[in-house]
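Visitor: Pasted the sequence and its predicted model underneath.
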Amino acid sequence: LPGYGDSPPAEMVATAQGRVAFLDHVLRELGMRRPVLVSPSMSGRFALPFLLARGDRLAGFVPVAPVGTKDYAAEQYRQVQTPTLILYGDRDASLGPQALQSLRHLPRHRVAVLPDAGHACYLDKPEDFHRLLLGFLRQLQ
């Protein structure tokens, strides 16, 4: 993501609207129509504003303890109709439960907590993570 890790800062993603436009551009360039957006950790700064602004363009949403959930009101989440699988590890004592407090307002959500997994639950328990993710994807078809 621009401005994260070794990527140079990018002016275009300095605002939520810029991040929505960036993600929209990436999805269009990839020719993706109604993708499922998987959003771990820092990618929440991109995925959450996209979900709230253009959630109707997504077939599903899988937040994995994303950051930025407190930036939006419960009423904003309640208006999203995108099927959502909220995932986090039970050893993620901060971001997982914190994100759930906001994301539980999404009307079409279910929650899966991976036992013995931390913040990067997809790395700690990859088989369990993928089993849950694939199960969610199958139910969207």
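Guide: Thanks, I have it.
Visitor: Okay, strands next: where are they in this structure?
Guide: In the chain, strands defined by DSSP state E lie at 36-40, 60-64, 84-89, 109-114, listed in chain order.
Visitor: where along this structure do the helices fall?
Guide: For the chain, the helices defined by DSSP state H cover 16-29, 44-54, 74-78, 95-103, 121-124, 126-140.
Visitor: So which of those has the densest surroundings on average?
Guide: helix 44-54 (a mean of 22; mean count of other C-beta atoms under 10 Å). To be clear about C-beta, it is placed using only N, CA and C from the backbone, and glycine gets the same treatment.
Visitor: List the contacts of that one.
Guide: Residues from elsewhere that reach helix 44-54, judged by C-beta atoms under 8 Å, 6 or more residues apart in numbering: 1, 13, 16-17, 19-20, 22-24, 37, 39, 58, 61, 63, 66-69, 71-72, 76-77, 79-80, 82, 99.
Visitor: What's the mean pLDDT across that helix?
Guide: For helix 44-54, mean pLDDT rounds to 97.
Visitor: All further residue positions should be reported with the first residue as 59.
Guide: I'll keep to 59 as the first residue from here, and by that count the last item is helix 102-112.
Visitor: and of the strands of the chain, who's closest to Leu191?
Guide: For Leu191, the closest of these is strand 118-122, at 6.4 Å, according to C-beta to C-beta.
Visitor: in its sheet, what does that closest one sit against?
Guide: When pairing is defined by DSSP bridges, strand 118-122 lines up against strand 94-98 (parallel), strand 142-147 (parallel).
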